[in-house]
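Colleague: for reference, the sequence and a predicted model appear below.
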Amino acid sequence: MKESFRLDEAVEVLRQGGTILYPTDTVWGIGCDATNEQAVNKVFAVKQRVGGKSLIVLVDSIETLKNYVEDIPEMAFDLMESITDPLTIIYPGARNLAPNVPARDGSVGIRIPNDPLCQQLVRALGKPLTSTSANLSGSPNPVSFSKISPEIRRAVDFIVPDYQARVRMARPSTIIRIGKDGTMEIIRN
């Protein structure tokens, strides 16, 4: 583990297809370049999670979001403006992502975090970043770095040392699915 956060080191690991353990705007997450299929497979291996489950993706702006979703429903803009807590929206029609990121129906959950560190990582990488909780599949989400299993810590390629003493939000983001027909469903609140 590095002494202090070095953005260039984290980004280099991501560009080389590696995985990172980093504080998100919700809980600690395991991240990789969401356009790199092999890197995404590594995330599934770190979590001991069966492939085929979709991953949440972080982007830095609405402009970037447009590159990874075929069509952004107007309702999504309203939700992003009105909900102040971390919000992941599941959009139909994922595109330009690794094939193992979207769900089987082609949808993808994407969040635009307000967290400065997440924003820096995504901007410096220039690509979307996966964001899945830093736990083994089926285990509780760790509320602090100290609760992340040693197994997860050993399995990732880089650990962001910032904020390890801080307890982050104890719960993941709200997830809302927007259907192709304009319907809305709250998946997780």
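Modeller: Ah, there it is. Residues are numbered from 1 along each chain as shown.
Colleague: make it CA atoms for all contacts and neighbour counts henceforth
Modeller: Noted.
Colleague: now do the strands in this structure.
Modeller: Secondary structure of the chain (DSSP state E): strands located at 20-23, 28-31, 56-58, 87-91, 108-111, 129-133, 158-159, 174-178, 184-188.
Colleague: same list (these) but as CSV, adding mean neighbour count, distance to Glu37 and mean pLDDT.
Modeller: Formatted as CSV, the strands of the chain follow (neighbours: other Cα atoms under 10 Å; distance: least, Cα to Cα, whole Å; pLDDT from 0 to 100):
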stretch, mean neighbour count, distance to Glu37, mean pLDDT
strand 20-23, 26, 15, 93
strand 28-31, 27, 13, 93
strand 56-58, 25, 14, 96
strand 87-91, 25, 20, 95
strand 108-111, 25, 15, 97
strand 129-133, 26, 11, 93
strand 158-159, 21, 18, 95
strand 174-178, 20, 24, 92
strand 184-188, 13, 26, 87
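Colleague: and the ones you listed: which comes nearest Ser139?
Modeller: Across those, Ser139 has its closest neighbour in strand 129-133 (9.9 Å, Cα to Cα).
Colleague: just how off-centre is the closest one within its chain?
Modeller: 3 Å (Cα atoms, centre = their mean, to the nearest Å).
Colleague: which ones are touching the residue nearest the centre of the chain?
Modeller: Centroid-nearest residue in the chain: Ser131, 1.8 Å away (criterion: Cα atoms, centre = their mean). The contact partners of Ser131, taken as Cα atoms under 8 Å, 6 or more residues apart in numbering, are 24, 29-32, 55-58.
Colleague: picking up where we left off before, tabulate the strands of the chain (CSV), appending distance to Ser146.
Modeller: Shown next, in CSV, are the strands of the chain (distance: least, Cα to Cα, whole Å):
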stretch, distance to Ser146
strand 20-23, 12
strand 28-31, 10
strand 56-58, 23
strand 87-91, 25
strand 108-111, 25
strand 129-133, 14
strand 158-159, 13
strand 174-178, 24
strand 184-188, 25
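Colleague: which one of those lies closest to Ser144?
Modeller: Across the strands of the chain, closest to Ser144 is strand 28-31 (Cα to Cα), at 7.2 Å.
Colleague: so which elements touch the closest one?
Modeller: Where contact means 3 or more Cα pairs under 8 Å, 6 or more residues apart in numbering; DSSP states H and E, strand 28-31 is packed against strand 20-23, strand 129-133.
Colleague: relative to Phe44, which of the ones you listed is closest?
Modeller: Closest to Phe44 of the helices and strands packed on strand 28-31, according to Cα to Cα: strand 129-133, at 9.5 Å.
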